[in-house]
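Peer 1: here is my input; please provide its structure:
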Amino acid sequence: MKHSNISIFIPHIGCPNMCSFCNQHTISGAQKAPSADEVRSICEKAIGEVKSPENTEIAFFGGSFTAIPREYMVSLLEAVQDFIGEGKFRGIRISTRPDCIDAEILDVLKKHGVTAIELGAQSMSNKVLEANDRGHTAEDVVNASLLIKEYGFELGLQMMIGLYRSTGDDEAETMKKVLEIHPDTVRIYPVVILEGTRLARLYREGEYKTFSFDEAVEMSAKAMLRFEAAGIRVIKCGLHASEFVEKDMVGGFYHPAFRELCEGLIYRWTMKEAIGCEDGKSFIFAVNPSCISKAMGHKKSNAEYFKKQGITIKIIGDESVPKYKCELRR
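Peer 2: You can find the predicted model right below:
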């Protein structure tokens, strides 16, 4: 059964500094922090509409949840207590900073039914973290991750591709270190440069030169492939489609179907490998039935790619074929 979230956005109030890429109002579309009563109302409405509450978490996203004023944080957690447990939502998911986690905070979260904690790691290069005003180190990410896992929470890490002063080697190192930590889930956010951020100023001044869009897709696809192969679920790849983001972006790697682009590229690689040195102008590939459109590529881009090589491809479904794999059937 597919997992879902009841997302409640807590804007920038929990963050001790402003990162180079951050314009939280644009990302969340939220203008003010919700009250405990508003959060309760959201959950009351959602509990009657969600088809599978046992596979749904109440998710506090947007800021650094464990860095907001403690009284406010606890009031939000207490506001949702009546909506979690048997026959209700399965728990609470939060996002926060690696340097805002310690044993005392985790005790509070555990007491109030938090089930999953996502850390904004962004990069595992201290050079890149410092250049983008993150205010924490890669070591903070490792230490917080170990503590969260020790407490038995589901661990999620969020990483960004293409930050200011990040190189291809830095991206590879981040992916390697995330694999070593082995979180339960990962979110991959290729950088979107938003109006009103330091990145936007650096970009306009020519100081910040980004990877090409195709390079960002390729890096993200490689990360997805390696994480999934290691048993780490990639629960997001690319910012969600949003009129706010489309209006305020000045550069970077936004596409409303970014994940689909990455998955199409993964299947293209897989099909090319399967063809290898085979002779022929027409090939049939079997993929998992849920992945047929992914294998065809965004707007059938893979079919067009092979057509330009003089090759016709046909995709069929087979339940026995794992995700991101394909089998040559001719």
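Peer 1: in this structure, which residue is most central in space?
Peer 2: residue 187 (1.9 Å; C-alpha atoms, centre = their mean).
Peer 1: assign a three-state SS to that residue, would you?
Peer 2: Here residue 187 is recorded as strand under DSSP: H, G, I helix; E, B strand; the rest coil.
Peer 1: so it bridges to which residues?
Peer 2: Residue 187 has these beta-bridge partners by DSSP bridges: residue 158, residue 236.
Peer 1: rounded mean pLDDT for stretch 232-248, please.
Peer 2: Stretch 232-248 shows a mean pLDDT of 87 in the predicted model.
Peer 1: the residue nearest to residue 235 when sequence neighbours are not counted: neighbour count?
Peer 2: Nearest non-adjacent residue to residue 235, counting by C-beta to C-beta, 6 or more residues apart in numbering: residue 185, 4.8 Å away. No exception for glycine: its C-beta is placed from N, CA and C like everyone else's. By other C-beta atoms under 10 Å, 19 other residues sit near residue 185.
Peer 1: same check, this time on residue 315
Peer 2: Residue 315: 22 neighbours (other C-beta under 10 Å).
Peer 1: quick one: contacts for it?
Peer 2: 284-287, 292, 295-296 (C-beta atoms under 8 Å, 6 or more residues apart in numbering).
Peer 1: next, count neighbours for the nearest residue to residue 259 once chain neighbours are set aside.
Peer 2: Distances taken as C-beta to C-beta, 6+ apart place residue 237 nearest to residue 259, at 4.0 Å, with adjacent residues excluded. Neighbour count for residue 237, taken as other C-beta under 10 Å: 23.
Peer 1: so residue 237 touches residue 188, yeah?
Peer 2: Yes - applying C-beta atoms under 8 Å, one finds residue 237 in contact with residue 188, separated by 4.5 Å.
Peer 1: quick check: neighbours shared by these two?
Peer 2: In contact with both residue 237 and residue 188: 220, 224, using C-beta under 8 Å, 6+ apart.
Peer 1: from residue 330, how far out is residue 312?
Peer 2: For residue 312, the distance to residue 330 (C-beta to C-beta, to the nearest Å) stands at 11 Å.
Peer 1: you'd agree residue 317 is up against residue 294?
Peer 2: No - assessed by C-beta under 8 Å, residue 317 is found out of contact with residue 294, at 11.6 Å.
Peer 1: so how far is residue 53 from the residue nearest to the centre of the chain?
Peer 2: 23 Å.
Peer 1: before we move on, what about residue 177?
Peer 2: Counting by C-beta to C-beta, the gap from residue 177 to residue 53 is 35 Å.
Peer 1: returning to that earlier point: of residue 317 and residue 294, who's got more company?
Peer 2: When neighbours are counted by other C-beta under 10 Å, residue 317 and residue 294 differ, and residue 294 comes out ahead with 22 against 13.
Peer 1: before I go, just wanted to say thanks for your time.
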